[in-house]
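A.B. asks: return atomic coordinates for the entry below.
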Amino acid sequence: LIGWVYVQNGMSEASEYAFRVTLLEFTELMLFLLVAMTYINAMEERRVFDALRSWMLRKGFNYRTLFWLTGSLAFILSPIADNLTTALLMCAVVTKVAEGDRRYINLACINIVVAANAGGAFSPFGDITTLMVWQAGMVEFQEFFILFFPALVNFLIPA
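C.D. replies: Below is the predicted model:
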């Protein structure tokens, strides 16, 4: 509707420019997400997460160790693999390892979501928002790493 109003008022060039810029931004974002999900799907296809779950079961970790281990893994993986994807995969691992203990699964998944969001904050690839800020040229790639320690604190204190 906004584009139509612009065209009606003789400002079709501005409307076309805004459309192209917006389409390009969304296309860049979607291509990144496609690559990230392809990467995760390749890991899933190669049963990396099944191997992780199996390793955790064999080790017989208690719930406290599992809580910290899955949270730490989510914090480490999310800057590379996107925080949403990381949280979904790590929660699936916890659900299988602690099968049937709903209270623990809920607490561990909350921890994983917090860890994944905190971990995603110090990387351009960790979150949709950081990706958009980086793509817009508002922050240089290496400037994100300044946020590592605040992100770590934002995971450790709630955990």
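A.B. asks: going forward, measure contacts between C-alpha atoms and count neighbours the same way
C.D. replies: Fine.
A.B. asks: for the one helix or strand in the chain whose mean pLDDT sits lowest, buried residues please.
C.D. replies: In the chain, no helix or strand scores lower on mean pLDDT, DSSP states H and E than helix 128-135, which sits at a mean of 78. Buried residues in helix 128-135, counted by 16 or more other CA atoms under 10 Å: 128, 130, 131, 132, 134, 135.
A.B. asks: which other helices and strands does that helix contact?
C.D. replies: Counting contacts by 3 or more CA pairs under 8 Å, 6 or more residues apart in numbering; DSSP states H and E, helix 128-135 is packed against helix 12-45.
A.B. asks: show me what secondary structure element comes after the helix it packs on.
C.D. replies: helix 48-59 (DSSP states H and E).
A.B. asks: could you point out which element follows the least confident helix or strand of the chain?
C.D. replies: That would be, after helix 128-135 and using DSSP H and E, helix 148-156.
A.B. asks: what sits closest to the spatially most central residue of the chain if chain neighbours are left out?
C.D. replies: Closest to where the C-alpha atoms of the chain average out (CA atoms, centre = their mean) is residue 83, at 1.5 Å. Spatially, and ignoring its direct neighbours in sequence, residue 83 is nearest to residue 116 (4.9 Å; CA to CA, 6 or more residues apart in numbering).
A.B. asks: mind listing what's buried in the helix or strand containing the one you found?
C.D. replies: Secondary structure from DSSP H and E places residue 116 in helix 102-120. For helix 102-120, a neighbour-count test (16+ other CA under 10 Å) marks 104-105, 108-120 as buried.
A.B. asks: which outside residues touch that helix?
C.D. replies: 63, 67, 70-72, 74-80, 82-84, 86-87, 90-91, 94-95, 98, 126-127, 130, 148, 151-152, 154-155, 158-159 (CA atoms under 8 Å, 6 or more residues apart in numbering).
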